[in-house]
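[1] quick one: sequence and predicted model below, then my questions.
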Amino acid sequence: MTSFDPTQLLPDDLLERFRARAAVHDRENTFPDDDLADLKAAGYLAILVPRELGGAGLGLAEASLLQQRLAGAAPATALAINMHLVWTGVAKVLADRGSDDLRFVQEGAAAGEVFAFGISEAGNDLVLFGSGTDAAPLPDGGYSFTGTKIFTSLSPVWTQLGLHGLDTSSEDAPRMVYAFVPRSEVQTGRVVVRDDWDTLGMRGTQSRTTELHDAVAPADRVVRRLAPGPNPDPLVFGIFSVFELLLASVYTGIARRALELAVATAGKRTSKRTGKAYSQDPDIRWRIADMALEYDALPPQLQALSRDVDELADHGSQWFAQLAGVKHRAVSAAKSIVDEAILVAGGSSYFSGNELGRLYRDVLAGLFHPSDPESTHSTVATAWLGPLED
């Protein structure tokens, strides 16, 4: 793992192009089509796909490093592509554990398909364990889905929407159904993508609301029917583990970039009082040291847990607590570090065109991704203290 060089896939000059575009997409509220084209050309959509299927054959630990690097240049691009990588990562988790149920995801990613993550629903704090979307069985084994998904990143470009819904009509109901709906359902009108993404930050993700009106997932794209609630199925573990780790990687990348900008600014700003650079001011030095101490804890945690997923390690009942914990720590630390960087940089960061000002807004999105602070603390408490008594 130590020999992996993320600059081979994401060289400095490419990242600088992404960084320049990020300001434009943030200002204009547009999707980074050129970034996606560059990432496709680099084979980035298939980094987690085995070499024998046309991918790069990387592991989750390597993907984490890449996503940290990408997020440091263009957070919204990284967060958007994260949702595609989640599905290819889940396919890898299943394949590593002997299941080829998502082989079509791997083959599709290698062929240039873009997979979106259609799980989030307004008010659904059950997340993977329940759904407000109706999943109705069809005679041929497929399912039709009716409901509303929110925060559907990659909305302008996805070709396959991975989602879940609740089947309440089959003999063995209720059952959580996981399946993939093709983009062609947009043309039929059974999938409606609202043009409603006008947000404080992460504007380039274009994570629009998606309406499902009997949207059809064919039988060969129905991948699981599970009992609602916590479930030991590898698909559930795969979604949770890959989502949390890659999400934490994006916010760790933002934290790193904020720290870099704070260091650069401290070296450029000069105190009128002392005539010295702010990098020589004891208070500024303390502040930047505090930022570095927070940041330094994140990459090793991400590498260790990502490697454990890759190597099929068994953390037993602690798995979900550790995964939710690293996401929570990464987002909390990133927000704190960006706050501190703003103070180091001074008033110039208050302008919307300043990169730190954009990071300040972008990092707030981390608060809304599962697992939220309440869910994380509940999960960790249960892992250590056992479940609440009735």
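    Thanks, I have the structure now.
[2] for the chain, what spans make up the helices?
    For the chain, applying DSSP state H gives helices covering 12-28, 33-41, 60-73, 75-96, 103-110, 184-188, 234-268, 282-296, 298-310, 319-345, 355-362, 373-385.
[3] residues in contact with the shortest one?
    Spelled out, it's helix 184-188. 191, 192, 193, 215, 216 (C-beta atoms under 8 Å, 6 or more residues apart in numbering). The way it works is simple: take the backbone N, C-alpha and C, and place the C-beta from them, glycine included.
[4] mind redoing it with 10 Å?
    144-145, 155, 158-159, 161, 182, 190-193, 210, 212-217 (C-beta atoms under 10 Å, 6 or more residues apart in numbering).
[5] any of the residues you listed buried? List them.
    144-145, 155, 158-159, 161, 182, 190-191, 193, 210, 212, 214-217 (16 or more other C-beta atoms under 10 Å).
[6] out of the helices of the chain, nearest to residue 151?
    helix 75-96 (9.2 Å; C-beta to C-beta).
[7] and the closest one, average pLDDT?
    Helix 75-96 carries an average pLDDT of 98.
[8] make 44 the first number, not 1, from now on.
    With 44 as the first residue, the last one maps to helix 118-139.
[9] nearest residue to residue 101 in space, please, no chain neighbours.
    residue 90 (4.7 Å; C-beta to C-beta, 6 or more residues apart in numbering).
[10] right, and that neighbour touches residue 106 too?
    Yes - under the criterion of C-beta atoms under 10 Å, residue 90 makes contact with residue 106 at 5.7 Å.
[11] higher neighbour count, these two?
    residue 106 (26 against 23; other C-beta atoms under 10 Å).
[12] hmm, back to that, residue 211 is nearest to which of the helices of the chain?
    helix 277-311 (19.6 Å).
[13] gap between stretch 381-401 and the chain center?
    With C-alpha atoms, centre = their mean, to the nearest Å as the basis, stretch 381-401 stands 24 Å off its chain's centre.
[14] export only the CA atoms of it, formatted as CSV.
    Output of stretch 381-401 as CSV, limited to C-alpha atoms (Å, rounded to 0.1, in the frame of the first residue of the first chain):
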residue,chain,number,x,y,z
VAL,A,381,-11.8,25.2,8.0
ASP,A,382,-13.1,27.5,10.8
GLU,A,383,-9.5,27.9,12.1
ALA,A,384,-8.1,28.5,8.6
ILE,A,385,-10.6,31.3,8.1
LEU,A,386,-9.3,33.0,11.2
VAL,A,387,-5.7,32.6,10.1
ALA,A,388,-6.5,34.0,6.6
GLY,A,389,-8.4,37.0,7.9
GLY,A,390,-11.1,39.1,6.2
SER,A,391,-10.1,38.2,2.6
SER,A,392,-11.6,34.7,3.1
TYR,A,393,-15.0,36.3,3.7
PHE,A,394,-15.3,37.1,0.0
SER,A,395,-17.3,34.5,-2.0
GLY,A,396,-14.5,34.2,-4.6
ASN,A,397,-11.9,33.2,-2.0
GLU,A,398,-11.1,29.4,-2.0
LEU,A,399,-11.4,29.3,1.8
GLY,A,400,-14.8,30.9,1.6
ARG,A,401,-15.9,28.2,-0.8
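[15] from the contacts of helix 227-231, which land in strands?
    Among the contacts of helix 227-231, the ones falling in strands (DSSP state E) are 187-188, 204, 225, 234-236, 253, 255-260.
[16] which of these lies closest to residue 330?
    So of these, ranked by how close each gets to residue 330 (C-beta to C-beta), first place is residue 253, at 42.1 Å.
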